[in-house]
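Novice: Got a predicted structure plus its sequence, pasted below:
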Amino acid sequence: MLALGATACNLSSINGSSALPAGTVDPNSFHTPAGAMALYEGAIYTFQYTPEHLTTGAGGTISQTANGAFVDYMLTSGLISDELQAGNLGGPPSSYYPDGAQFGDSLDARALPEGVNAPGVYLGLQGVRAASSEAIGALTAWDPGSPPALRGHLMVLRGYAEIMLADLFCSGVPLSTLDFSGDYTYEPGSTTSQIYRAAIAQFDSAVTLVGDSARLLNLARVGKGRALLDLGQFASAAQAVGAVPDNFAYQFPVDWSGGNTDGKSIFSTAVTVGATVADQEGINGLPFRSSGDPRSASAPAPTGPNTFGQPQYSAVKYGGSVLGVTPITVADGIEARLIEAEAAMQAGDYATWLSKLNRARLLAADTLPPLTDPGIDTARVSLTFSERAYDLFLTGHRQGDLRRLVREYHRPQITVYPWGRYPSAVPGYGSNTNAPLPRTELNNPYFHGCLDRGA
Amino acid sequence: MPGRRFASLAALLVTGPIAAQTPSVPTADTRPQVAAVRAEVLDRHIALHVRGVTLEAALDAVAAAGHVRVLYSPSRLPLAQIVSLSADSITIGDALDTLLNGTGVGVSVSPEGWVLLGETNLKRQGLGWIQGFLFDSATKLPLTYVTLTIDETGKSGNTGPHTDYLVPNLRHGTYHINARRVGYVPQTRAVVVDNDTAAARLDFYLAPQPSKLQEVVTTATGPERRYEVGNDITVLNVDSVTSVAPIASVTELLATRVPGLTVQPTSGVPGAPARLRLRGMSSIERSDDPIIIVDGVRIYYDQSGSYNNQQNATSGGGSAVGTRVATGTGLGYFGPAALDQIDPNSLESVEVMKGPSASALYGSDAANGVIIITTKRGRPGPTRWNLTVDNGFETQPGRWPTNYYRFGHGIGLGSGGSQLCSIYDGPQTCTTDSIVPFQALNDTRYSPLGTGLDQAVSLGASGGNGPVTFAVSGNIGDRNGYLHLPSIEVQRFDKFHTVAAPGWMKNPDTYTTWGAASNLRVLLGKSGASLSLSSNLYHSQQQQSSLQTALPILGSNYIDTTQLATQPLIAEYYERARLTTLTFTNALTLGNWSPIRWLPLDLTVGLNVQSLNNTSLTPRGYVLYSADSLGTYMMNQSMNVMETISIGTHVQVKFLTLATGFNIQNQTTQTLANSTDDLPLGVSVPNTFVCNGLCGSLISQGATTYGWYIQPSFNFSRRLYVSPGFRLDGGTASGSNHSLTFFPKIDVSYIAVERTNHPMFGFLSTLRPRLAFGIAGVQPAPGDKLRLFLPGTVVGIDPSGGAGTPVSTLTLGSIGNTRLQPERSRELEGGVDVDLWSGRVSFSATGYQKMRYDAILDVPLAPSAVGDFGNDQQRNVGTVENTGINLQATILPIELRAITWSITGLFSQNTNSVKRLEPGQPPIKIVGATGGSTYYTEIKPGFPIDGIWARPILSYADANHDGYIEPGEVRLADSAVFLGEALPKYEASLSTGLGLFGNRIMLNTAFDYQHHLTQVNVASPLGLEVNQPNATFGLEAAVAAGGQSAYGEIQTVNVLRWNTASVAYNVPERFVRWFRATSMSIALQASNLALWTSYRGKDPAVNVFGNGNLTADTGQLPLPRMYSVHFSLGI
């Protein structure tokens, strides 16, 4: 009878919201300023990387160790360009890779026809867009009095995510939207240029909101300059970053001793899978290791060579063989100076060009000697992009730069990207300059594949 | 007021107060046919000394002294009256006459020798009376709750808890009284009331019958006569079934006895559950399970859920188990169904409503049908005991085809090492010496298939005293499956460990149960109100081992005996899974309670609690890891709670009966999961080990559904019955912003012919066309509509908080779907019921069309909208149609005193197809959990939702000329094709019973046929006779392609199974009395006696869950062949 009494008591709360999946809480309880702030923090977390994201459920805490979108992008763009080489070479045949190649190999070798598996970073970057939209909606609806800079911050991150989508993937990425008060709205694929312009619009909107936050303002400025550079609007790009000081840096610290094996393999020592710092990869690659340039310094991984007998190297800037906390730079004054340098080169102002390059070089590593003008345009272009490669080593810029060399400077991709024989089951380097989109995007009825696989 | 009038009529007819009648002088029984029995019983001398005791105690003393059963309705006797009688020798008749003097109650004797006490010869000027008792003709036990109708007056009523009746104030003449009750053949008998015998005696002996038109059925609005309901409802009287067939579970009770019901067993492991599908499948992804109601309380039943009923499986985890035989299936083990925990011996009846047209008023989740279970009730009178004992054994149902292996030198075995290799082992693994035939399952030394012993005992008691009746029962059972550790492995274990192998390794499949059920009912005064408390508690412990999943590959795990010392023990890689389940159901019902005189209410409050405790242990292998670890351990504890409150009323106004009510069901599930590798030695309690692997968390989920229904039922000339109605249904599953859903229904029943005594055209006794239409729904899963967030804490990165500062975060969990609607199932069914030759032939035919609108599916989303958050969404994707027919026929070719022969046939046909998908929704693939992506279901217009698809083999060739077709030599099509449905296109069953010598000996048997059943034989190497030197390339190609496509392993077959056979002997009453018993029978029973099919696997009926409705035969144990001795004793 006691049980029956309890029954009646419980049933008196029939409109309660106990009907929720594991680890979740009634969403209505988050419709508060604190909930909006937590969504804001969650969106930042989505963009960044943390090895220890603790999800608290009803009965305890679960450790999440997934890559953030930015770190995923660093890895992926490093592989498809000449910064990194895949560490897991070969494996059993699969339906995706009948020849036994693995995804890392295929990405590294740019053997990425549509239909093969696509980088997971696509999900992460689109996730940044979705999380930012949701948080912006929450701040507006649940905490109207919150500082506008919070929304501006999210817009900037969304803009960066779109730049990275355009840099890495083929033309045709849909910029669908997650609607705060509804479900979602699918959009058809946008061209690469359209995506850069969409990112610029995000930065322009953000600038009006970030107010007196110089840090966020400069982040937006560099982002806009980067996007304008991608569009070939060099003068506008230089103008956008002109006010960014040399000492500006938007960074977030990462503890590489956390649980993410991919991150460890790239940037430290732990395992033999993942990726290694490359050196003159596929003929055209820069000598990141052998040059001795401190900006791309690497250290042998103590775990020894991979299954193909190749030695593994970790980037010193992210700890080398020592696991610990190191910062990752999203944007800084160095990039601003590099943008100005390239704009000056385009304008024929070589003195400014060289000055800006050397300024950036000094900011990146003060032990390096200054550069001299080679006197030939093509060499100036090469020097510009080489300096960008070292100054911005493993910060997710190299892939976009290689595509720009093909797209804006009209260099044949065979002279830009690694090519030739590939040291694994993949027969050789492919001809792709970008990645296809995942097949799950076909669930978007307006999406029908890449619009253009060119750079 | 109409309700008062109805209630008064019932009271007057059935329970009319004796005090209001004219006292009379008791007379002797007037029935000449029982004279001899009467003389024998009433003339029996006894010694009786009672002084100053109640009449009730004195009657008990008479019964005890005379070894007779004295039967009466407590409301008719002044049981509290104090009496005295002292005699050293007095006849029973005289003693009773003395004790009953002045009460107006007379003594009679039934043909069975029972003493019956009731009013007699209550004369009034010009008026007479009819009275009598009601019995089950088979068991001879008294019956309660019998509905009686007098043709001449049109009056009717129910006897309620009484076992007799009294119809007063009748004018002289002939009357026809019809008696009917759930599960019994109705009976109409004539009786004459004249001036000489003003008190006419008319007893009814009703014959049990599983399903008949005139039965009383329990609907959402309360009990109704079946012919008033326009739906096809199957009613099973449990006693009548269990007395002639081996029934170990409710699922066995239902199988082959309910037209339109398909039972899909999961394996032959003791206690393994089965899924029940009524009239096909309708939901693509939501549950197709019917809902189960026990004594008015909905119980937790999620048999198709992949979570709560699945025991843990380590899924290949654990680095130390490189040669572990059961890995990576991801399927785990399926624990017993809540339905099957119920002891069938504790049940009175089971009713099955098959679709929304019948179940609309039950509300949410009733679209898949409703199974209503009523436990046994007590009857007034002396306590009656019933004991059943089953003892038997089970065994594997056949032999297995020979496999062929390469016998060679395995790399890594050392010089001289030999082993059996698969044909696909490359030269780097094994060098071939010869091809050898081998089938471990047929070799007594190697085979784990043996014999298991089964025992079950059930003991029940029921009775009543005054206004209180009771029924209690208890049961224990112990089943040991036929799976055993092979003898050679037992020997090896002993050798290596110097101790005997643990019991669970040697006999891994066990299923032990115990339970108790009770019903206590109290009449509240003379108003007809009653309070009933029904409780049952069932406990089961099921143990399984992964040895069962190793059967398809067992051969390759044995090597020649000279190498035994170098091979790890197979047993030490078996995973042991245990599921302990405790289920408690409690129902408190206040019936026919009238707070206002014209408003009778029925109120039920119920609670169902199911506690599950799953554990699994994969030993690390004592040979390799003797010191550091017990192995991989997983535990999963869950608690499912269902709470029910319902209230309803009936109000009758002439030809209209208005029923309305409200009910609430609340379900809560809490689950705690944990697992660890390297379980430390000495640690065995789940909550105390150190979590080295996955650390789980407490998951809490719940949902409440509620609704209000109203159903006016119109009765036109007692021939045409029209019952429209609707339900407004709501629930919290979709969050707090839900709206009520409207579920309408209407059913029409027309009694075109009803001539029991004088059939039309000489043969047509009953003809009833009927029509029903209804809509019911299935609610979305909890939270499906809502945008959900995952709260968390981020340490150290937040720019606003600064490094090292923990900040709270919210990330998207799922985006929800604000437009998500419940699935709505609309069914139109029509049929006809026919009785010929006064019921010698009964036939029922039903056709239906069931549409499931807004079928819900978990649709993957494009990442451009949501990124990696909630990458799918519950969406209403389309419409599913089921059409079919259900036929049932019962024939009594011979019905003589010495011999009876009955035949019952069932036929069900169902066609399932996706009618349409929502605009813009492309066909959807659901990949099976078993076999990876080798087969799957495709949701596509024109095809069934349970279709099995696979990529066909286009060609094959022995390119390397090694004599075998290997995986790389098979070319597959790029896209899959439809190969067939998982449910049979039609099913038929036939059961027949032969009674000899007045049913002294009863022979019964039953067959089941399934036509066009498509099965994925994931364990195909067992059946395809692989590695056979003379196997065709086609056969080899089918096996070789198995890793990429199950095409060659998929078969569409027909299955004929000899389900049951039994021989029962009912001991003659004169011998039974020696044991002071009322009935005794012994039966030899057997089940799964034979299987005729072209299926190459073990048993096509065995179906393990995949995703959604995807199922497969993964090599689980086939259904066992069982033999038992069944003993039944009634006292």
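Specialist: Cool, the structure landed.

Novice: Can you give me every residue that contacts residue 366?
Specialist: In the absence of a named chain, this looks at chain A. A:D366 makes contact with no residue, according to Cβ atoms under 8 Å, 6 or more residues apart in numbering or on different chains. The C-beta positions use only the backbone N, C-alpha and C, and glycine is treated the same way.

Novice: Chain B is the one I meant
Specialist: Neighbouring residues of B:A366 by Cβ under 8 Å, 6+ apart: B:291, B:356, B:359-360, B:776-777.

Novice: nearest to B:G725, of those?
Specialist: B:A360 (7.5 Å; Cβ to Cβ).

Novice: before we move on, what SS does that closest one have?
Specialist: Following DSSP: H, G, I helix; E, B strand; the rest coil, we place B:A360 in the helix state.

Novice: That one: neighbouring residues, count only.
Specialist: 33 (other Cβ atoms under 10 Å in any protein chain shown).

Novice: swap in A:G348?
Specialist: A:G348: 9 neighbours (other Cβ under 10 Å).

Novice: Likewise for the one 5 residues further on?
Specialist: The local packing of A:W353 (other Cβ under 10 Å) involves 23 other residues.

Novice: Report the separation between the residue nearest to A:Y422 when sequence neighbours are not counted and A:Q85.
Specialist: Spatial nearest neighbour of A:Y422, excluding adjacent residues (Cβ to Cβ, 6 or more residues apart in numbering or on different chains): A:A109 at 4.5 Å. Between A:A109 and A:Q85 the computed distance is 10 Å (Cβ to Cβ, to the nearest Å).

Novice: circling back: closest one to chain A out of the contacts of B:A366, please.
Specialist: B:G777 (15.9 Å; Cβ to the nearest Cβ).

Novice: follow-up on the earlier one: using JSON lines, lay out the contacts of B:A366 together with pLDDT and distance to chain A.
Specialist: Formatted as JSON lines, the contacts of B:A366 follow (pLDDT from 0 to 100; distance: Cβ to the nearest Cβ, whole Å):
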{"residue": "B:I291", "pLDDT": "89", "distance to chain A": "17"}
{"residue": "B:P356", "pLDDT": "77", "distance to chain A": "23"}
{"residue": "B:S359", "pLDDT": "77", "distance to chain A": "22"}
{"residue": "B:A360", "pLDDT": "77", "distance to chain A": "21"}
{"residue": "B:A776", "pLDDT": "85", "distance to chain A": "20"}
{"residue": "B:G777", "pLDDT": "80", "distance to chain A": "16"}
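
Novice: Narrow those to those that are buried.
Specialist: B:291, B:356, B:359-360, B:776-777 (16 or more other Cβ atoms under 10 Å in any protein chain shown).

Novice: What is the nearest of those to B:R521?
Specialist: Closest to B:R521, out of all of the buried ones among the contacts of B:A366 and judged by Cβ to Cβ, is B:I291, at 25.1 Å.

Novice: Can you name the residues bridging to that closest one?
Specialist: Beta-bridge pairing for B:I291 (DSSP bridges): B:V370.

Novice: Over in the stretch 101-250 of chain A, which residue gets nearest chain B? Let me know.
Specialist: For the stretch 101-250 of chain A, Cβ to the nearest Cβ, closest residue to chain B: A:G127, 2.5 Å.

Novice: Which other helices and strands does the helix or strand containing B:F662 contact?
Specialist: Secondary structure assigned from DSSP states H and E places B:F662 in strand B:656-676. Under the contact criterion of 3 or more Cβ pairs under 8 Å, 6 or more residues apart in numbering or on different chains; DSSP states H and E, strand B:656-676 touches helix A:2-11, strand B:631-653, strand B:698-716.

Novice: hmm, 6 Å instead?
Specialist: strand B:631-653, strand B:698-716 (3 or more Cβ pairs under 6 Å, 6 or more residues apart in numbering or on different chains; DSSP states H and E).

Novice: Adding distance to A:A278, write those strands out as JSON lines.
Specialist: Output for those, formatted as JSON lines (distance: least, Cβ to Cβ, whole Å):
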{"stretch": "strand B:631-653", "distance to A:A278": "40"}
{"stretch": "strand B:698-716", "distance to A:A278": "45"}
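
Novice: Any figure for the gap between the residue nearest to A:Y422 and B:D289?
Specialist: Using Cβ to Cβ, A:A109 is found at 50 Å from B:D289.

Novice: neighbour count winner among those two?
Specialist: Higher neighbour count among A:A109 and B:D289: A:A109, with 29 against 23, using other Cβ under 10 Å.

Novice: returning to that earlier point: ignoring the adjacent residues along the chain, who's closest to the residue of the stretch 101-250 of chain A closest to chain B?
Specialist: What sits nearest to A:G127 in space, not counting adjacent residues and going by Cβ to Cβ, 6+ apart, is B:G867, at 2.5 Å.

Novice: list the contacts for that neighbour?
Specialist: Going by Cβ atoms under 6 Å, 6 or more residues apart in numbering or on different chains, B:G867 touches A:123, A:126-127, A:130.

Novice: quick one: which of those sit in helices?
Specialist: A:123, A:126-127, A:130 (DSSP state H).
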